[in-house]
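# Quick one, structure for this:
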Amino acid sequence: MSFEEPGPDNNYLANHVALLLGSLKAVTGRDLIDPQAEPLETAQQLYEAPFFVASHGTSGDPILTYGNRFAQELFEMSWEEFTSTPSRFTAEAPNREERAKLLAEVTANGFIDNYSGVRISSTGNRFRIKKATVWNLIHPDGSHAGQAATFSNWEKVQKANP
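Okay, here's the model as predicted:
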């Protein structure tokens, strides 16, 4: 599934944002945005939020389906680049097995909290995410729609000297 970049013309992808936030609320009981806000306002606030939010789909090698501006900036990608990237490429090759285990745990348990790990931007900049929440996206009919993640704590990781 591929979406156009969130904006006023597509209601900031309010339907996908409702899936993201509704699934998070269902599995954790938590909100990222004021639940009393109107759907369009909620979607715009999430897209412009000062913290990371991203999702991927359900294919065998899932593609990123959403990344708010913070996510795009952190991974140094445009919307088009971000949403055409397999989510496994957000981790360096040596860290992909750890990432796969994490996602399997999320699939089994609905979500995890306090995840930390190193990720890599499109230009090779490495950063450690801290205290991330990763959760399953569930359609109202109960079918699996992918997974999403959020975090606000991260730090740059220096490249190792050769």
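
# Next one: the spatially most central residue of the chain from residue 141, what distance?
In the chain, the centroid-proximal residue (Cα atoms, centre = their mean) is residue 54; its distance is 1.9 Å. With distances taken as Cβ to Cβ, to the nearest Å, residue 54 is found 24 Å from residue 141. Just so you know, the C-beta spots here come from the backbone N, C-alpha and C atoms, and that holds for glycine as well.

# can you tell me the helix or strand for residue 116?
Element membership for residue 116 (DSSP states H and E) is strand 111-120.

# got a list of what the closest residue to residue 105 other than its chain neighbours touches?
Excluding its sequence neighbours, the residue lying closest to residue 105 (Cβ to Cβ, 6 or more residues apart in numbering) is residue 112, at 5.8 Å. The contact partners of residue 112, by Cβ atoms under 8 Å, 6 or more residues apart in numbering, come to 102, 105, 106, 133, 134, 135.

# Residue 69 too?
47, 48, 49.

# In this structure, spot the strand with the most residues.
Longest strand in the chain, counting residues (DSSP state E): strand 126-138.

# Put the alpha carbons of that strand into CSV.
Output in CSV follows, covering the C-alpha atoms of strand 126-138 (Å, rounded to 0.1, in the frame of the first residue of the first chain):
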residue,chain,number,x,y,z
ARG,A,126,23.8,5.9,12.6
PHE,A,127,21.6,6.6,15.6
ARG,A,128,20.4,4.7,18.7
ILE,A,129,16.7,4.8,19.4
LYS,A,130,15.7,4.5,23.0
LYS,A,131,12.4,3.5,24.7
ALA,A,132,10.6,2.8,21.5
THR,A,133,7.1,1.3,21.5
VAL,A,134,6.4,-1.0,18.6
TRP,A,135,2.8,-2.4,18.1
ASN,A,136,0.6,-4.3,15.7
LEU,A,137,-1.8,-2.5,13.5
ILE,A,138,-5.2,-4.2,13.6
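
# Great, nothing more from me.
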